[in-house]
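**Student:** give me the fold of what follows.
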Amino acid sequence: MEYSDTYDYFETLYIYGEAGPPAYIVFKDVNYTDTENLNTMNEIASSLATLNDTVLAPVYSWVGVF
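**Tutor:** Residues are numbered from 1 along each chain as shown. Got it, this is the predicted structure:
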């Protein structure tokens with residue numbers, strides 16, 4: 001029997017489920033060339049990283065400083 005990638009994903013979540021699934025925040029209609037928007041998105045990512053009881057570090061943001 002051949003399994004799909006989706007099956008493998010959920011099987012892995014079942015085995016290692018205590019970590020929980022990844023979460024994604026998607027912003028719609030954002031001007032990514034506006035520095036103020038980028039700063040706001042970085043602030044949101046930083047705020048999420050402080051939710052130690054519900055969000056496990058690290059929190060990644062592609063607009064952040066690497």
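**Student:** low-confidence ranges, the protein, go.
**Tutor:** 1-3, 17-21, 56, 64-66 (pLDDT under 70).
**Student:** quick one, longest helix in it?
**Tutor:** helix 35-49 (DSSP state H).
**Student:** please point out which parts of that helix sit buried.
**Tutor:** 38, 41, 45 (16 or more other CB atoms under 10 Å). All C-beta spots, glycine's among them, are computed from the backbone N, C-alpha and C.
**Student:** ok, those vs V30, which is closest?
**Tutor:** M41 (7.6 Å; CB to CB).
**Student:** that closest one contacts D34, correct?
**Tutor:** No. The criterion here is CB atoms under 8 Å, and M41 misses it with D34 at 10.3 Å.
**Student:** show me whatever sits in contact with both of these two.
**Tutor:** Common contact partners of M41 and D34 (CB atoms under 8 Å, 6 or more residues apart in numbering): none.
**Student:** buried stuff in the helix or strand hosting Y7?
**Tutor:** According to DSSP states H and E, Y7 maps onto helix 5-15. By 16+ other CB under 10 Å, helix 5-15 has no buried positions at all.
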